[in-house]
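K.L.:
3D model of this:
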Amino acid sequence: MDSRTAAHVLAQIGGLLELHGEDKFKSRAYHVAARAVLGTDTDDITPLFKSGELRKLQGVGAATFSVLKDLVETGDSSYFERLREDTPEGLLEMLRVPGMGTAKIRLIHEGLGVETLQQLEEAARDGRLAKLPRFGAKTAEKILQGIAFLKETGLLLLFPHAFAEAQRVLSGVRRHPDVVRAEIVGSIRRRREVIADIDIVAACASDPATVAASFAHAPGVRSVVGAGQPSVAIRYVDGTRLDLHCVEPSAFAVAMWRGTGSASHVEEVRVALESEGLALESDQLRRNGDALDVADELDLFRAAGLAFIEPELRESRGEVQAAAAGTLPSLIEARDIQGVLHCHSQYSDGGSSIAEMAEACKVRGWKYLGISDHSVSAFYAGGLKPDAVSRQHDEIDELNSTMKDFVVLKGIEADILADGRVDYDEHILEKFDYVIGSVHSRFSMDGPEMTKRVLRALDDPFLSILGHPTGRLLLTREPYQLDIDAVIEKAAERGVVLELNADPHRLDLDWTYCHEAKKRGVRIEIGPDAHSTHGLDYVELGISIARKGWLEKSDVLNCGSAADVLAHARRHRA
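P.N.:
Numbers count the residues shown, from 1 in each chain. As a prediction, this is how the structure comes out:
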């Protein structure tokens, strides 16, 4: 039994149990077991089953092991089949519609007999959905918007999920006996926020076309969606798509560069190569018909008369011209980060204490932590009332007195209210070391109204940083209507820092706007928006997006010291 199919069955059972209204811990156990099986890094779980290791796998309990045992011994799961028989297949697809939870789906199914996504769309359009209890016209319209959004983004994955999946797929490709080297390329290597498919280039010891064709029959493959020697595109049972390009070892460097893209970047470099008397033919670089030895991408860029261009920059936004002129940025690196400012604690909606967050930051080598819990208007997130602010500040003072070479800063993520005012009165705001202002409500304002709201907030002398400026939730919610150019211009005028929120669902400010902000002298803060110690890891992803936006160490507020952060806030209040 291949691991991908087994994990897919477990995940499907988890979803079906949710739809049947089972205890959430029961359904979650199947999702946890699915991830555990994928994490075994093996194509076939049968040897693990026979050795007893599968039963000992962390995350696999008695019930989930019973399903795995069934799959290994018979190729099917009787439990899975029973659940499927009792559940219309389309209900699982409805779970993917933004805003559609299991309770809504059950109500729609029982009240209207809706069993497919198409039927759901029809019911929303013809008015039947709006007539259900606790629904209405606005809910029906939001569901229609969610369906449209799903159709547009349904096969896309957030970068962290795609990257983890790509690592598993890459491991499988590397296990092929005739693959001598394989690497992830495409949009994952360029660190795009959302990913459509996994692109891998493989150097082969035998005929590349034969190796590529063999993957059509690899474990867990559902179908072949494209083929053209020496490449193959396959779809796994869980929907993951792999585009695999196989080459001879001598062609690997060129193939890796071409596979990384983007297409427009490749075309620009091809023109540069031609100007040097070189021709790019398939995955070979030739001069006067003779193939040249290209050991790595650095060789290729040198041949084109260019400095090496980092993968994140290869988006045809001036990087080729900068490489020719020797003006490429010295991109920010993880070691440049000195601390973090957008973090939550148990005082609002965080899961860790301030002390735990501080210790986790110290382990990562950082010098400071800014606690920025939600402000009082964010009642849904445990926003801090004035007395809670005082208690928190007392705790921070006490904690700071016990630490050496590390400091906790007193921040707040203050709501930007509908009229553009920043939450709290002035006498409360002045108690904070810095203030992050964020929009958390009234997302449906029209463009001029939302822009006016944000611009007014930027005029507030206490607002140091504008949090997640466009409000987008990747694959879930579009950015609110906002004149982002006007916001960047105002930030430049007022000296306000814009946040690059590193939560993988946000990655907001978009990297293209980070680039524009840099051009106008606006600095960026990379904020993990961490709600636990684990959330601090989001900084790494934020750095990748900052690099895509051409940001250097000097462009990022939290590459400076805690004293620099405090000085920024003081200057803004002056």
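
K.L.:
okay, CA-based contacts and neighbour counts for the rest of this
P.N.:
Fine.

K.L.:
tell me the centre residue of the chain?
P.N.:
In the chain, the centroid-proximal residue (CA atoms, centre = their mean) is residue 504; its distance is 3.2 Å.

K.L.:
wait, that residue touches residue 157, no?
P.N.:
No: assessed by CA atoms under 8 Å, residue 504 is found out of contact with residue 157, at 10.6 Å.

K.L.:
may I have the phi/psi pair for residue 443?
P.N.:
phi -70, psi -20 (degrees, to the nearest 10).

K.L.:
ok, it touching residue 478?
P.N.:
No: between residue 443 and residue 478 there is no contact under CA under 8 Å: 9.8 Å.

K.L.:
so which of the two has more stuff around it?
P.N.:
Neighbour count, other CA atoms under 10 Å: between residue 443 and residue 478, residue 443 has more, with 17 against 13.

K.L.:
check contacts around residue 368.
P.N.:
Residues near residue 368 by CA atoms under 8 Å, 6 or more residues apart in numbering: 338-340, 358, 361-362, 406-409, 561-562.

K.L.:
which residue lies farthest from the center of this structure?
P.N.:
Using CA atoms, centre = their mean, the residue of the chain lying farthest from its centre is residue 288. It sits 44.7 Å away.

K.L.:
for it, what are its contacts?
P.N.:
Residue 288 neighbours (CA under 8 Å, 6+ apart): residue 278.

K.L.:
from residue 62, how far out is it?
P.N.:
Per CA to CA, to the nearest Å, residue 288 is found 66 Å from residue 62.

K.L.:
overlap of the contact sets of residue 443 and residue 478?
P.N.:
residue 471.

K.L.:
follow-up on the earlier one: show the backbone phi and psi for the residue nearest to the centre of the chain.
P.N.:
Main-chain dihedrals, residue 504, degrees, to the nearest 10: phi -60, psi -20.

K.L.:
also residue 473?
P.N.:
phi -120, psi 110.

K.L.:
ok, what's across the strand from it?
P.N.:
residue 477 (DSSP bridges).

K.L.:
need the pLDDT of it.
P.N.:
Listed pLDDT for residue 473 reads 91.

K.L.:
which residues touch it?
P.N.:
By CA under 8 Å, 6+ apart, the residues touching residue 473 are 479, 505-506.

K.L.:
circling back: how far away is the residue farthest from the centre of the chain from residue 278?
P.N.:
8 Å.

K.L.:
which residue ranges form the helices in the stretch 101-250 of the chain?
P.N.:
Ranges of helices in the stretch 101-250 of the chain, per DSSP state H, counting those that start in this stretch, are 102-112, 117-125, 137-153, 159-174, 186-189, 208-214.

K.L.:
out of these, which comes closest to residue 553?
P.N.:
Distance to residue 553, taken as CA to CA, is lowest for helix 186-189 among the helices of the stretch 101-250 of the chain, at 21.5 Å.

K.L.:
which strands or helices does the closest one pack on?
P.N.:
Taking 3 or more CA pairs under 8 Å, 6 or more residues apart in numbering; DSSP states H and E as contact, the helices and strands that helix 186-189 lies on are helix 159-174, strand 198-204, helix 252-260.

K.L.:
using PDB, write out every CA atom in it.
P.N.:
In PDB, the C-alpha atoms belonging to helix 186-189 read as follows (Å, rounded to 0.1, in the frame of the first residue of the first chain):
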ATOM      1  CA  GLY A 186       9.400  26.600 -10.600                       C
ATOM      2  CA  SER A 187       7.300  28.900  -8.400                       C
ATOM      3  CA  ILE A 188       8.300  27.100  -5.200                       C
ATOM      4  CA  ARG A 189      12.000  27.800  -5.800                       C
END
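
K.L.:
and the contacts of that helix?
P.N.:
The contact list for helix 186-189 (CA under 8 Å, 6+ apart) reads 159, 162-163, 195, 198-200, 259-262, 311-312.

K.L.:
could you rerun that using 6 Å?
P.N.:
Identification of contacts with helix 186-189 by CA atoms under 6 Å, 6 or more residues apart in numbering yields 199, 259-261.

K.L.:
then stretch 39-46?
P.N.:
1-3.

K.L.:
got those residues as CSV, with pLDDT and neighbour count columns?
P.N.:
As requested, those are exported to CSV (pLDDT from 0 to 100; neighbours: other CA atoms under 10 Å):
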residue, pLDDT, neighbour count
1, 80, 21
2, 82, 20
3, 86, 23
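
K.L.:
can those residues go into a markdown table with extra columns for distance to residue 547?
P.N.:
Below are those laid out as a markdown table (distance: CA to CA, whole Å):
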| residue | distance to residue 547 |
| --- | --- |
| 1 | 41 |
| 2 | 38 |
| 3 | 35 |
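
K.L.:
nearest to residue 224, of those?
P.N.:
residue 2 (17.4 Å).

K.L.:
any idea how many residues pack against the closest residue in space to that closest one that isn't next to it in sequence?
P.N.:
Sequence neighbours aside, residue 44 is the residue nearest to residue 2 in space, at 4.3 Å (criterion: CA to CA, 6 or more residues apart in numbering). Residues within reach of residue 44, counting by other CA under 10 Å, total 18.

K.L.:
what does residue 160 give?
P.N.:
Other residues close to residue 160 by other CA under 10 Å number 18.

K.L.:
measure it to residue 355 for me?
P.N.:
Between residue 160 and residue 355 the computed distance is 28 Å (CA to CA).

K.L.:
hmm, back to that, in a markdown table, list the helices of the stretch 101-250 of the chain along with distance to residue 434 and mean pLDDT.
P.N.:
Output for these, formatted as a markdown table (distance: least, CA to CA, whole Å; pLDDT from 0 to 100):
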| stretch | distance to residue 434 | mean pLDDT |
| --- | --- | --- |
| helix 102-112 | 41 | 88 |
| helix 117-125 | 46 | 92 |
| helix 137-153 | 36 | 85 |
| helix 159-174 | 30 | 93 |
| helix 186-189 | 35 | 98 |
| helix 208-214 | 55 | 95 |
